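>>> Sequence first, predicted model second:
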Protein chains: 2
Amino acid sequence: MKRHGLSSIHAEKLFEQVYDYLLSGIRRGDWKTHEKLPSVRALALEMNVHRLTVFKAYQLLKQNGYVYVKDKSGYFVQPSELLPAGPWNDPIVSAYVQKSHLSEIHQVQATYQFSKALIDPNLLPNLYFSEYVKRVFDLYPKVLGTYSTAQGDQELREALCRYYTERFRFYLTPEELMVTSGSQEAIDLIARVLVKPRDVVLLERPTYSPAIDVFLRQGAHILSVEIRQHGYDLEQVERLMQTHKPRLFYLNPTFHNPTGYTVSREQRKRLVELAEKYQCLLIEDDPCRDLYFAKEPPLPLFSYDTAGYVIYLRSFSKYVAPGLGIGTIACRPSLMAYLLSAKALSDSGTPLLNQKIFLHYFFSERMQQHLQKLRTALAIRRDIMEEELAATDWEWSSPTGGFNLWIKLPDSTPMEKLLGTCMEQSITFVPGTICDPRRELATWIRLSYSYLNEQQLREGIRKFVGQVLALGGE
Amino acid sequence: MKRHGLSSIHAEKLFEQVYDYLLSGIRRGDWKTHEKLPSVRALALEMNVHRLTVFKAYQLLKQNGYVYVKDKSGYFVQPSELLPAGPWNDPIVSAYVQKSHLSEIHQVQATYQFSKALIDPNLLPNLYFSEYVKRVFDLYPKVLGTYSTAQGDQELREALCRYYTERFRFYLTPEELMVTSGSQEAIDLIARVLVKPRDVVLLERPTYSPAIDVFLRQGAHILSVEIRQHGYDLEQVERLMQTHKPRLFYLNPTFHNPTGYTVSREQRKRLVELAEKYQCLLIEDDPCRDLYFAKEPPLPLFSYDTAGYVIYLRSFSKYVAPGLGIGTIACRPSLMAYLLSAKALSDSGTPLLNQKIFLHYFFSERMQQHLQKLRTALAIRRDIMEEELAATDWEWSSPTGGFNLWIKLPDSTPMEKLLGTCMEQSITFVPGTICDPRRELATWIRLSYSYLNEQQLREGIRKFVGQVLALGGE
């Protein structure tokens, strides 16, 4: 934190405080949707500040989609997906609690789970797992009696450092690597350490839905960068970095969730340069790298970073074993110190048993065989889903890795209604709005082909297409 | 959240905002220890507020121990254990990061670990664990391919509800129970959902050190309640509740950490009444209940609660298996909804494997036998530690359960020096200051008798007593 001249900081401070006061009141439900907010004059008088200061706060609230103006009669609370819905007002709950949109969808039980970007459990080498676990108990008989350190098991971190260095030229030391309880914890820790209210955060549009929820919970001001088949508009990215000085850009450049897109090597290099130039951290989330169907994707951004502006997140839940809950964060040591403090207070370390099972399975020959099979099985499932959708005129780009098809349905599709009838038919999918930081993209959906077997896939997609057609989405 | 009249809220609001501005600047290191802060006049001018408002903020900062006044020349930053020490100022780290004092001590490798309030891994039925794990894989062959729900495995929650109801008359439903990744996550979730900056939180003095760190991180204003051999001064508790309207009281009334004290049944009932009367949640942390050496402790506070003011935390790391990382939170459904949202964004569910292993081991006959042995083994270790300390004139109360002796060393003991020489002799212990919300209690220490075997205990304590005597602590 640089030392600021007082005068510059406070002029700004005051208007931001009015903004924060109003927004926290709206979030807590002190003013409800469509309710009138205090007038500029009244609030200026009450808070003993200049009317212009209050006006500025209202302008920013309006710009960020929290309030609207009606017939010059004042400011009203905008209905917003960014705000908590439902009976979210308990006198006893003090802090602001952010909903998890994706986990709510996952609570729905259904036969045709197109909402789960997860490996079909039948594709995992379940029979072999118990052998590896047995081996772990033979090697470390006291594994259940021991806490891991907050940073993670030393043996595992050393093995992963060698792996990352050999495969991706990371040149990491074990001190620059932390083991987390999956990628959700990694994103949560990063948000807690790096983002305070009103910090600007860049997200891709669309992006991984829980990341939006986590950064919103931190009170971040979110700006979005479109991701397209071959990457970003880098001029737009530079403009945003220059103008808004974002604290970080959370991105998923390899078999992107939900689109499946992969950012080119040239763009990766350029992004690292931009990050350094504008001192904007790049949070590179990379859970699907090994699930390519044709050729290996370009090296991670982290491989090109020499100045320490990339933080590399890798979850192994996606294809090794969801039930282990193992992920890692790689970053420079000065940042690691902060993440470690946060981790120590958050769960005092990922269970040692899980880390040891992962270690012995991940580096086994069996795992490499499994991975080969998995790539083939997923490519086949993608093909089946695409075959079944071929007769429609819906739009998507065929993914070359990962779990999902990102599909544009006809503009006429009544999305709310479709969600309802699909639920009745025991079909789930992820609506595009929850992947969009702006909560638009209302005719897009994410369908995952990874969780269902080939038979269920065909049946489910036929039923789903039938539903869309029946509702008049051509 | 009740709707407030604007006038009342803002008058207060303004002075609190000045307070927050100054405190966050001090925390971030914008002003360093012993540095002069802006004058009342200058700050009032800059922030466009009345001087009295700034004065009021400074008074509260002084009262809370963050600033001091020198020779009428102004306000200076007070050196404080409540503030982060060391090179804690990275331009890239935005949020305030709280250190974890206990986890720093645990990072020290030592032969005589009196700092670890953990079971000696040799006391756990290690050989049997792998059998239970094997059984889990037979029963649930796809356990590693499946995520748990955020709330936790249904089968485990049902079993625990029956157990809690039979043993402690809880009358819980599975919807009122959440499985967490140990007690650290439970405390963290509760703090994140229930405490926002400046909320008043009551803590025992002394208390569990990581709880202080977590509530400080949330920006809570912490008030402390002395815990003594037979409980609290309930008149003091009522006075604090009445005057300061605390949001919650975090307490550990059964084989309290670090003192070993247990609060009586009468006090438990009365505390629940007070909680209801003053709408102050009681966060009852209860990890050591089953580790009694003589008679069973009184029922939990949760058993007496009919109005939903008690949240019951139970970690099973302390005596079942630290390496599993299993804990639970029991509370009323309306609060559970918020905790679930926070949990979903924090780690999307405790690993299913760990929950299933716990389920099958915890409810086994083997576990009951283990528990019997454990009680005996711990009581023997307590006796050994007390025997070795008998020749000193140090003060402590003999604990009737749990892991620790809470000891007052002679006033003349130079604590910093003792920590240093002990480190050299490969001895660790927990200094009282980090268990004290006020960071006093400088001649108290916590020695755990649970982690070392009988031989190591005797050797270690002899060495330790020698160190204290050599440094002149008679």
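It's in. These figures come from a predicted structure and were not determined experimentally. Residues are numbered from 1 along each chain as shown, chains lettered A, B, ... in the order given.
>>> need the contact list for the residue of the stretch 351-474 of chain A found nearest chain B.
Closest approach between the stretch 351-474 of chain A and chain B, counting by C-beta to the nearest C-beta: A:Pro351, at 4.3 Å. Where C-beta positions appear, they are placed from N, C-alpha and C, glycine not excepted. Listed by C-beta atoms under 8 Å, 6 or more residues apart in numbering or on different chains, the contact set of A:Pro351 reads A:148, B:181, B:323-325, B:351, B:354.
>>> Stretch A:197-207 and chain B, are they touching?
Yes: using C-beta under 8 Å from any C-beta of the partner chain, stretch A:197-207 reaches chain B at A:Asp199.
>>> does A:Tyr250 count as helix, strand or coil?
strand (DSSP: H, G, I helix; E, B strand; the rest coil).
>>> And the spatially closest residue to it that is not a sequence neighbour, how far from B:Lys36?
Nearest non-adjacent residue to A:Tyr250, counting by C-beta to C-beta, 6 or more residues apart in numbering or on different chains: A:Ile283, 4.4 Å away. Distance, A:Ile283 to B:Lys36, using C-beta to C-beta, to the nearest Å: 38 Å.
>>> which one of these two has more residues nearby?
Between A:Ile283 and B:Lys36, counted using other C-beta atoms under 10 Å in any protein chain shown, the more crowded position is A:Ile283 (25 against 13).
>>> Tell me the helices and strands packed up against the one helix or strand the more buried one maps to.
Per DSSP states H and E, A:Ile283 falls inside strand A:281-285. Applying 3 or more C-beta pairs under 8 Å, 6 or more residues apart in numbering or on different chains; DSSP states H and E, one finds that strand A:281-285 contacts helix A:182-194, strand A:248-251, helix A:265-278, strand A:310-315.
>>> got these as TSV, with mean pLDDT columns?
As requested, these are exported to TSV (pLDDT from 0 to 100):
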stretch	mean pLDDT
helix A:182-194	94
strand A:248-251	98
helix A:265-278	97
strand A:310-315	97
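>>> can you tell which of the ones you listed is closest to B:Lys99?
B:Lys99 lies closest to helix A:182-194 among these, at 12.4 Å (C-beta to C-beta).
>>> Identify the bridge partners of the residue nearest to A:Tyr250.
A:Ile283 forms beta bridges with A:Tyr250, A:Ile311, as assigned by DSSP bridges.
>>> is it true that it touches A:Leu313?
Yes: the pair A:Ile283 / A:Leu313 is scored as a contact, 6.6 Å apart, by C-beta atoms under 8 Å.
>>> Now list whatever residues contact both of these two.
A:187, A:190.
>>> Quickly note the distance from the closest residue to A:Leu457 other than its chain neighbours to A:Phe429.
Using C-beta to C-beta, 6+ apart and skipping residues adjacent in sequence, the residue nearest A:Leu457 is A:Ile384, 5.1 Å away. Note on A:Ile384: its distance to A:Phe429, by C-beta to C-beta, is 16 Å.
>>> cool, A:Gln242 as well?
From A:Gln242 to A:Phe429 the distance is 38 Å (C-beta to C-beta).
>>> quick one: contacts of stretch A:184-196?
Under the criterion C-beta under 8 Å, 6+ apart, residues A:180, A:201, A:210-211, A:214-215, A:217-220, A:247-248, A:250, A:281, A:283, A:285, A:311, A:313, A:315, A:327-329, A:335, A:338-339, A:342-343, A:346-347, B:92-97, B:345-348 lie in contact with stretch A:184-196.
>>> how far does stretch A:138-145 sit from the chain's center?
For stretch A:138-145, the separation from the chain centroid amounts to 35 Å (computed by C-alpha atoms, centre = their mean, to the nearest Å).
>>> Tabulate the CA atom coordinates of it in CSV.
These are the backbone C-alpha positions of stretch A:138-145, laid out as CSV (Å, rounded to 0.1, in the frame of the first residue of the first chain):
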residue,chain,number,x,y,z
ASP,A,138,1.2,-49.6,4.8
LEU,A,139,3.6,-46.8,4.0
TYR,A,140,2.3,-44.3,6.6
PRO,A,141,0.6,-46.3,9.3
LYS,A,142,0.0,-43.1,11.4
VAL,A,143,-1.4,-41.1,8.6
LEU,A,144,-4.8,-40.6,10.3
GLY,A,145,-3.1,-39.5,13.5
